[in-house]
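Visitor: coords below, sequence missing:
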């Protein structure tokens, strides 16, 4: 039996969010406990809530929307790469220390995995530097994931990492919970909600293997 790792963050009322993004609100519309025939809830979320996928349109006006993403990029073999807690900037040098050749999907497990349980947003999270993004592009990577709510340095003035990847059609997955996942190769299934014409969407992501 191959192990299944659920690497998705839960969507909860008032959950952690990137500053400036809309808050998550969950409320009860109908409840059996109140005499209704069924339980029905209302959920209000932003497109970049919890575990989510960035579409090209997130930073490129007129770019492909999340419902236009090729599903084959979101499903397939993926490499989980672990970095020491001392690594806060994942650049080309840090990436070259790992055997990434031939891997189309790379998931970055950093010190961020220990931050995901904190209710407050942490601004000094580890991130993928632009030169790291360029190196992954050179290798032909088609999907990059990271274990916090943004792959970019907090308050980046130019969002160069996002732009480098998205301009080349690379799928960005943010908010992955890799805390229980050992480094290695797995089968990834990451399916964002089919939100027509939008810049991103929350996703349920799992790794199978180990």
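Guide: Cool, got the structure. These figures come from a predicted structure and were not determined experimentally.
Visitor: Tell me how many other residues crowd residue 152.
Guide: Residue 152 is flanked by 24 other residues according to other CB atoms under 10 Å. Glycine gets a C-beta too; all of them are placed from N, C-alpha and C.
Visitor: Mind pulling up the pLDDT for it?
Guide: Note on residue 152: pLDDT of 98.
Visitor: Surely it and residue 161 touch.
Guide: Yes: between residue 152 and residue 161 there is a contact at 4.8 Å, judged by CB atoms under 8 Å.
Visitor: Overlap in contacts, the two.
Guide: 127-128 (CB atoms under 8 Å, 6 or more residues apart in numbering).
Visitor: which stretches of this protein aren't confidently modelled?
Guide: Where the chain drops to pLDDT under 70, the residues are 210.
Visitor: how about the helices in it?
Guide: Along the chain, counting by DSSP state H, helices occupy 71-74, 92-96, 130-139, 160-167.
Visitor: Check which residues of the last one are buried.
Guide: Think helix 160-167. Neighbour-count burial for helix 160-167 flags 160-166 (criterion: 16 or more other CB atoms under 10 Å).
Visitor: so which of the residues you listed comes closest to residue 105?
Guide: Nearest to residue 105 among the buried residues of helix 160-167 is residue 165, at 12.7 Å by CB to CB.
Visitor: ok, the closest one - contacts?
Guide: By CB under 8 Å, 6+ apart, the contact list for residue 165 reads 133, 136-137, 144, 151, 172.
Visitor: at 7 Å what do you get?
Guide: 133, 144, 172 (CB atoms under 7 Å, 6 or more residues apart in numbering).
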